[in-house]
Structures are given as structure tokens and as C-alpha cells.
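Enquirer: coords below, sequence missing:
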């Protein structure tokens, strides 16, 4: 894992409050190093991220992809594998369960696809498989939050979840290597995804995002200001600065040119914009703006809400050749949309642009875009059978993502299939053992992270210099998150 050139200076900027646990100090070093640019310019937003990570075991796992990369590159996530091969598909990288969900395609149908490309890049295929399997085990440990007995039952079967994900992946790779079609996933069989599609189709018809995120004032539709989620007082919106408002039409114009389906300029006429805080976990410190645009007609009923989100480098270590997978951040995201989805029109409003120099992605904000949520692993959706079936479908989906690299990296799937070989059960056994072992590490790391926050403070002891402060325009773009009581 590459280390920044200023690491020694960085560590001097961290509070010298004593941490005696070696692993705890390692966690702090890796997390702070990954967040250093954000800590320097917008520490309050990073503190919000760390509070979110503190909230649950799975939130911690979501927020520590850099720690997973660090441990994997150092050989601490399983021993040397007999199924390894030097093949590096372009993939989502951070393949935890909550980075998958329903997307509305250009033809008006819903499909199941990856829905987060912040970490998308070229990685060893096993890193993705293990990230997914570990995530399912960690998620099961957070499942059934209101029913301790059901949680114990689900946890007792966590071996099955990792096994199902790895075996589902291996079997799908084998099918694809034998000429099977890379089909768009529209017909789930697991209870969890059947429920996901049912709720998504219901909200597709009702357009609940308009009711939930906008208000009508004097015959005009406007985005809400204030708290969006009563359960999370940090999830709020406020008006953007004049500088940002002036820049947004140009941002939308450039974004429109990156879309797979041509839409008239009038579709993207900007009607309102609001800075959103407290959304996501790992990306919580990033600039996120809701945009209300005209949509297909001048009717108020078909207005469209877009989400603009700042994007950055993936953080992928240079394990593949060439080590740089795109010319710029926007190009990396566009390549991910082409490669990781089964069709580029899986979400036709997903594109890229820049805002005041920041690379951004813009996508549709729809209630029909439902994400897999660990919090919904409860009752009939939190049984061992439901989680096992979900794990199989997630493994199959990951295989289809890797198959998307065939266009730019021919032979990817055949090489992976050859590495796995005919004993796909043995492959699944190995990944299951790794997932169970590292899930225990995650659980221990979560306790250490919370202890470090208590010891070092809300930014893990990082002390930024006054020279780190952004200028007025950047400060207005970053915004100020709502104050919360610790």
C-alpha cells in the first residue's frame, strides 16, 4: 500500500495522546492517512463520517475500505491462495452488500446492479470476492437489530452466507466462461431481493422522492431545507452559495454530454439546488448537492431530482499494470459505468462533470433506486435462508461485474475460471475461512476504533494548521454540517 510522502509530518499532526494497542494505532494511521486531504480542509465533515462509522459494526466496515486495502496488500486477509491469478478486472472494489441495488434503466425497467463506484478500479479478483463475503458475515452480525434471539440464529449460519456468495460467484464465472450470456438481473429469487424489487416498483409508480424531498410554494416546487431524516439529525439540507448556484448550469451542461441517451437541454433546466449533509458513510465528507431540474415537460409532476456528489481517486494500490486505469477521475467513473453494469443504460442519468474544479458524478435521485440494507435483515428477511439466498445472488452479480472487463481485458473470465478450477466447492471453502477470520478482525477493529475516538477526539487527534483553511469560495462549497451533541 503506497504511503504519502508527508506521512512523518502527518503523524506529527496527530495528537500524542497515548495509544498502547499496536493494532489500534495502525487503524488510526491508515484511516487518517486516507482522509488527510479532507481532514486538512473540512475536519467537521470528516468528524461526521467518524461518528457514522461509530454507529454500528457494518457502518464501520463501510467506512474502512482503505483499511481493508491496507491489510489485503500486506497479506493479512487470508494466507496465500491456491486460487490466485494475476488478472485484474475493472470492478467496483468496495464490493460490500450495501453497494448494490435497483436502478431504473432507459427502457423503464428495474435491474439489480452495483450502485457505488467511489472505489471502482482494477483489483485482483479475489479482493472483491473476499470483500463481499466478509461484508455478508459482518452484516449478519448486525442483522435482526431488535431481536437478539433471531440475531443469534442468523449469526450461527454466517458460514453459509460466505459460502453461498463465493460459490455463487464461482458457478456464475464458470457459466460465463462457457459462453453463457451476461444477463441483466431483473428477476430475483431470494426473498430479500424480491422484497427489494417489490418496494422499488411501488415507489417507481408513486414518485415518492418528489413528496419526500420537495415542497410546493406559491405554485413552484422547491427542494426541502432542514432535516430530511428524523432518525438522523445530521441528514439535512441548506441553500447553496451564490458562487455554487452560478456554476451549476455549466456543470449540468458538461454532464449532459457524458450521458448514454441524448436528452434536450430543457430537461436539465435548473429549478433549485440544496447542499445535503449526513448522507452515506465513507463519502459523508464529500460535497453532495440535490438538484431539481425540469424533466421531460414543464409540468410540475414530472420534475426530476438529481444528486451531485464529489468524487476522488479510488485509493487502489498499484497492483495492476498499468497502475493508472484512467486519465482522470471522471474517466474512471465513466469506465466503471461501461464495464461494471450489464448495460450502460442501466441508469441513463448517471454521468460526470466538474463543479468549481471538483470532479463530480451526477445521477438520478429516485425512491425506486433501492439499496440492499443490512438494517432490513430482520424478521422473514433476516432468516438464515433469506440471507443465504441473497448471498448467492450477490455472488452471481459480482461475477457479471467482472465479466464486464472482457471488452477491455480479453480473457479475464477464462483466466479466473481456470484459476478456480473444477473444485468450486474448495474455492468457496477457502473464501469462507478467510471471511470468518477477517470478520472477527473487523469486530475487534470496531471496538478499537471507538476507543481511539474516545481517546483522540472526533478527528482521531488530527490537528490541522490554519494554512489548511480553504478560501471563501471553497469553504462555501464544502459547507458547514449541522452541530450535533456527541
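Expert: Perfect, I can see it now. Please read these numbers as outputs of a predicted model, since none were measured by experiment.

Enquirer: where in this protein is pLDDT low?
Expert: 1-17, 485-486 (pLDDT under 70).

Enquirer: grab the most central residue of it for me.
Expert: residue 116 (4.1 Å; CA atoms, centre = their mean).

Enquirer: contacting residues for it?
Expert: Counting by CB atoms under 8 Å, 6 or more residues apart in numbering, residue 116 makes contact with 92, 94, 99. Heads up, the C-betas are built off the backbone N, CA and C, glycines and all.

Enquirer: in three-state terms, label it for me.
Expert: coil (DSSP: H, G, I helix; E, B strand; the rest coil).

Enquirer: surely residue 221 is in a strand?
Expert: Yes - checked against three-state DSSP, residue 221 lies within a strand.

Enquirer: ok, it to residue 276 distance?
Expert: From residue 221 over to residue 276 the distance is 17 Å, taken as CB to CB, to the nearest Å.

Enquirer: would you tell me what the next helix or strand after the longest helix along the chain is?
Expert: Longest helix of the chain, by residue count under DSSP state H: helix 424-456. Downstream of helix 424-456, the first helix or strand assigned by DSSP states H and E is helix 472-478.

Enquirer: helices or strands up against that next one?
Expert: helix 242-256 (3 or more CB pairs under 8 Å, 6 or more residues apart in numbering; DSSP states H and E).

Enquirer: now the helix it packs on: buried residues?
Expert: 244, 247-248, 251-252, 254-256 (16 or more other CB atoms under 10 Å).

Enquirer: residue 192: which of those residues is nearest?
Expert: residue 255 (33.2 Å; CB to CB).

Enquirer: quick one: the closest one and residue 354 touch, right?
Expert: No - counting by CB atoms under 8 Å, residue 354 is not a contact partner of residue 255; they are 9.1 Å apart.

Enquirer: shared neighbours of those two, anything?
Expert: By CB under 8 Å, 6+ apart, the residues touching both residue 255 and residue 354 are residue 360.

Enquirer: and the strands in the stretch 301-450 of the chain?
Expert: Using DSSP state E, counting those that start in this stretch, the strands of the stretch 301-450 of the chain run over residues 304-310, 351-355, 358-364.

Enquirer: just checking: what are the partner strands of the second one?
Expert: This means strand 351-355. strand 358-364 (antiparallel) (DSSP bridges).

Enquirer: quick one: the partner strand to helix 242-256, angle?
Expert: If you take axes from the mean of the first three to the mean of the last three CA atoms, to 10 degrees, strand 358-364 sits at 70 degrees to helix 242-256.

Enquirer: got the angle for strand 358-364 vs strand 304-310?
Expert: 150 degrees.

Enquirer: how far does stretch 332-350 sit from its chain's centre?
Expert: 15 Å (CA atoms, centre = their mean, to the nearest Å).

Enquirer: same check on stretch 451-461?
Expert: 24 Å.

Enquirer: okay, buried residues for that stretch please.
Expert: Applying 16+ other CB under 10 Å to stretch 451-461 flags 452-453, 456-461 as buried.

Enquirer: now swap in stretch 412-419 and tell me
Expert: 412-413, 415-417, 419.

Enquirer: just to revisit the earlier point, okay, the contacts of residue 116 in TSV with secondary structure, neighbour count and distance to residue 106 next?
Expert: Listed next are those as TSV, based on DSSP: H, G, I helix; E, B strand; the rest coil; neighbours: other CB atoms under 10 Å; distance: CB to CB, whole Å:
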residue	secondary structure	neighbour count	distance to residue 106
92	coil	28	21
94	coil	29	26
99	helix	24	22
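
Enquirer: for residue 126, find the nearest of the strands of the stretch 301-450 of the chain.
Expert: strand 358-364 (27.4 Å).

Enquirer: next one: stretch 386-400 to chain centre, how far?
Expert: On CA atoms, centre = their mean, the centre of stretch 386-400 falls 17 Å from the chain's centre.

Enquirer: thinking again about what came up before, closest one to residue 22 out of the buried residues of stretch 412-419, please.
Expert: Using CB to CB as the measure, the one of those that approaches residue 22 most closely is residue 419, at 34.3 Å.

Enquirer: my guess is that closest one contacts residue 83, does it?
Expert: Yes - counting by CB under 8 Å, residue 419 touches residue 83, with 5.3 Å between them.

Enquirer: give the helix, strand or coil label for residue 292.
Expert: Once three-state DSSP is applied, residue 292 turns out strand.

Enquirer: what's opposite it in the beta bridge?
Expert: Going by DSSP bridges, residue 292 forms beta bridges with residue 272, residue 305.

Enquirer: and the buried residues of stretch 451-461 as CSV, adding distance to residue 364?
Expert: As requested, those are exported to CSV (distance: CB to CB, whole Å):
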residue, distance to residue 364
452, 38
453, 35
456, 39
457, 38
458, 34
459, 33
460, 35
461, 39
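
Enquirer: so which of residue 221 and residue 276 has more stuff around it?
Expert: Comparing residue 221 with residue 276 by other CB atoms under 10 Å, the one with more neighbours is residue 276, at 23 against 16.
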